[in-house]
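**Student:** When you get a sec, could you give me coordinates for this:
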Amino acid sequence: MADGGLLSPVPARLRAMLYLLTPNESSSFEMLHDVPECVHQANPFFLGLVILEMMLGSLISGAKLYNVADGIISVSLGMMSRLPLLLVRGLELSAYVYVWEHFRLVELPWDSAWTWWFSFLAVDFCYYWFHRSTHEVAILWAAHQVHHSSEYYNFSTALRQPLTQQLTSWIFYVPMALAVPPSAFAVHIQLILLFQFWLHTEVIRDMGPLEWIFNTPKHHRVHHGRNLYCIDKNFGGILIIWDRLFGTFSPEKDKVVYGLVYPSNSFEIITNQFHYYLSLWRRSTTYSSLADKVSTFVKGPSWTPGNPWLGNYNHVPKLTGEEKPHDPSCSLPVQVYVVTHFLLVLHTYHELFENQATLTQLTVLGMTGYVLLTLTSLGFIIDCRPLASILEMLRCMCMLMLLHYSHLTPPNSALTVPTQALVFLSVLYWALQSFSQLPSLKMKSD
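**Tutor:** Numbering: from 1, shown residues only. A predicted model of the protein is given here:
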């Protein structure tokens with residue numbers, strides 16, 4: 001898809017985040033490669049709204065909306081989920097194009113307003129069933145649980161996206177490829193994702209009559225809750241009418257407690273992305289029959305032998321009202337260090353996407369690995385893991401080398417020398433930390 005297009009002007013990009021583009025603006029792309037990267041163009045707005053909510057949200061809502069570690073891991077998981085797009089086109093689009101080229105039954109006109117409205121309803125309807133399935137099939141929940149793992153609810157939570165979800169999400173959209181051109185699908189699949197960003201906030205409390213038809217922050221707060229009345233409710237993307245029609249709607253009642261029923265209690269990206277797959281495997285090995293082993297993966301996340309498909313909700317841990325989000329004790333200097341290096345890797349990530357067309361595949365692969373290493377290492381530091389100092393020392397050595405050979409550049413050329421000095425001091429600090437921890441690590445291994 002193109003990086004330019006009609007969505008480049010700022011007002012159009014802002015309206016895209018609310019699905020307020022007219023058919024004329026967003027259906028004028030005949031070919032798939034003409035469709036602009038709407039999500040990529042929205043990155044500055046994501047960051048700006050997160051900062052705005054961080055500054056003003058607590059004053060408006062009267063509650064603590066952000067935690068530094070939680071915000072960083074949310075954005076990190078979002079970055080991780082999009083890194084594969086540097087190497088291959090998304091599976092959703094690839095599968096869609098294949099079905100369109102080989103099996104389409106009719107060809108709706110790409111520039112018709114009727115096609116735009118049909119695509120809008122079709123994408124939202126397919127999204128409802130995809131989203132519902134991710135909550136009702138354990139192996140799909142293993143990917144989707146990443147998005148629900150935050151115990152806070154704010155704009156940064158919207159960026160907390162799964163890495164493996166696209167491996168299955170395409171299945172729910174390919175029926176559209178029998179009639180809807182790929183360019184139309186590519187527009188709407190991005191707009192439905194953008195729309196859901198602003199749903200993740202506690203600042204907007206109620207939207208009046210709009211609550212009857214549209215998904216809103218009030219409805220989506222319920223979806224992210226682990227209260228008994230919240231579980232497996234409000235799956236809609238743009239419209240809430242599907243939930244009302246199919247019996248999965250619940251209004252907001254008691255104060256919502258956010259996060260997973262069984263929190264991961266980790267701020268490390270690999271753990272957050274993959275821990276539930278391991279949990280499913282371990283659970284399946286406790287059953288003797290093949291049917292029960294298979295059911296562990298294909299039935300509901302809470303399913304156990306002898307229970308209904310979705311399991312027994314009475315087994316969900318009861319909330320006391322005293323639940324506190326996981327918050328490892330990081331000192332202020334450590335938090336400043338993590339934030340500083342996170343901002344540096346965020347700049348690298350942005351530059352990587354901006355310049356990928358001019359970079360060799362090997363360079364893209366190497367820089368992708370560096371971004372993953374950095375996000376993982378920062379998570380280790382926040383989690384206070386024993387190997388954090390060794391991993392961060394190695395990462396800083398890599399960073400120093402990449403800066404020396406100009407594969408990494410600071411946000412401003414005037415910061416080149418200070419950045420190199422900062423990284424060099426970081427190498428020395430983490431090297432000292434590593435050597436001081438060697439005796440205790442050796443004792444644990446013994």
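
**Student:** Mind giving me the packing neighbours of the lengthiest helix in the chain?
**Tutor:** Counting by DSSP state H, the longest helix found in the chain is helix 416-445. Secondary-structure packing of helix 416-445 (3 or more C-beta pairs under 8 Å, 6 or more residues apart in numbering; DSSP states H and E): helix 332-355, helix 388-404. For every residue, glycine as well, the C-beta is placed using N, CA and C.

**Student:** So for that helix, what gets flagged as buried?
**Tutor:** 419, 420, 422, 423, 426, 427, 430, 431, 434 (16 or more other C-beta atoms under 10 Å).

**Student:** Please name the residues that touch the nearest residue to residue 145 once chain neighbours are set aside.
**Tutor:** Counting by C-beta to C-beta, 6 or more residues apart in numbering, residue 145 lies nearest to residue 276, which is 5.2 Å off, once chain neighbours are set aside. With contact set as C-beta atoms under 8 Å, 6 or more residues apart in numbering, residue 276 has these partners: 141, 142, 145.

**Student:** Turn those into JSON lines, columns for pLDDT and neighbour count.
**Tutor:** As requested, those are exported to JSON lines (pLDDT from 0 to 100; neighbours: other C-beta atoms under 10 Å):
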{"residue": "141", "pLDDT": "98", "neighbour count": "20"}
{"residue": "142", "pLDDT": "97", "neighbour count": "24"}
{"residue": "145", "pLDDT": "98", "neighbour count": "24"}
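
**Student:** confidence score at residue 9?
**Tutor:** pLDDT, residue 9: 69.

**Student:** Same check on the one 4 residues further on?
**Tutor:** Note for residue 13: predicted pLDDT of 80.

**Student:** about what we covered before: I'd like the buried residues of helix 416-445 as TSV, with distance to residue 244 and pLDDT appended.
**Tutor:** Formatted as TSV, the buried residues of helix 416-445 follow (distance: C-beta to C-beta, whole Å; pLDDT from 0 to 100):
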residue	distance to residue 244	pLDDT
419	53	92
420	58	93
422	54	92
423	54	94
426	54	94
427	57	95
430	54	95
431	60	94
434	57	88
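
**Student:** Among the residues you listed, which one lies nearest to residue 408?
**Tutor:** residue 419 (8.5 Å; C-beta to C-beta).

**Student:** Keeping just the C-alphas, turn stretch 139-159 into PDB.
**Tutor:** C-alpha atoms of stretch 139-159 as PDB (Å, rounded to 0.1, in the frame of the first residue of the first chain):
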ATOM      1  CA  ILE A 139      -6.000 -21.100  20.800                       C
ATOM      2  CA  LEU A 140      -7.300 -17.800  19.300                       C
ATOM      3  CA  TRP A 141      -7.500 -16.300  22.800                       C
ATOM      4  CA  ALA A 142      -3.800 -17.200  23.300                       C
ATOM      5  CA  ALA A 143      -3.100 -14.400  20.700                       C
ATOM      6  CA  HIS A 144      -5.800 -12.000  21.700                       C
ATOM      7  CA  GLN A 145      -5.100 -12.000  25.400                       C
ATOM      8  CA  VAL A 146      -2.200  -9.700  24.800                       C
ATOM      9  CA  HIS A 147      -4.600  -6.900  24.100                       C
ATOM     10  CA  HIS A 148      -6.400  -7.500  27.400                       C
ATOM     11  CA  SER A 149      -3.300  -7.900  29.500                       C
ATOM     12  CA  SER A 150      -3.000  -4.300  30.700                       C
ATOM     13  CA  GLU A 151      -4.500  -3.600  34.200                       C
ATOM     14  CA  TYR A 152      -4.900   0.000  33.100                       C
ATOM     15  CA  TYR A 153      -7.300   1.400  30.600                       C
ATOM     16  CA  ASN A 154      -6.100   4.300  28.500                       C
ATOM     17  CA  PHE A 155      -5.100   5.200  24.900                       C
ATOM     18  CA  SER A 156      -1.800   3.300  25.200                       C
ATOM     19  CA  THR A 157      -3.900   0.100  25.900                       C
ATOM     20  CA  ALA A 158      -5.200   0.400  22.300                       C
ATOM     21  CA  LEU A 159      -1.700   0.000  21.000                       C
END
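
**Student:** Surely residue 305 touches residue 293?
**Tutor:** No - using C-beta atoms under 8 Å, residue 305 is not in contact with residue 293, being 10.4 Å away.

**Student:** residues shared between the contacts of those two?
**Tutor:** residue 287.

**Student:** Those two: which is more packed in?
**Tutor:** The residue with more neighbours, out of residue 305 and residue 293, is residue 293; 15 against 11, by other C-beta atoms under 10 Å.

**Student:** and that one, what does it touch?
**Tutor:** So residue 293 contacts 284, 285, 287 (C-beta under 8 Å, 6+ apart).

**Student:** Report the separation between the last one and residue 314.
**Tutor:** Between residue 287 and residue 314 the distance, using C-beta to C-beta, to the nearest Å, works out to 21 Å.

**Student:** quick one, which of these two is more surrounded?
**Tutor:** Neighbours of residue 287 and residue 314, each counted by other C-beta under 10 Å, are more numerous for residue 287; the result is 15 against 9.

**Student:** For that one, give its distance to residue 313.
**Tutor:** For residue 287 relative to residue 313 (C-beta to C-beta), the value is 21 Å.

**Student:** just residue 205 next, same as before
**Tutor:** Separation of residue 205 from residue 313 (C-beta to C-beta): 27 Å.

**Student:** Over to residue 49?
**Tutor:** 34 Å.

**Student:** higher neighbour count, these two?
**Tutor:** The neighbour count for residue 49 versus residue 313, taken as other C-beta under 10 Å, is higher for residue 49 (19 against 15).

**Student:** Where do the helices of the stretch 201-350 of the chain begin and end?
**Tutor:** Using DSSP state H, counting those that start in this stretch, the helices of the stretch 201-350 of the chain run over residues 217-223, 241-246, 269-284, 290-298, 332-355.

**Student:** what's the average pLDDT for the third one?
**Tutor:** Think helix 269-284. Here the average pLDDT along helix 269-284 is 96.

**Student:** Fine by me, we can end here.
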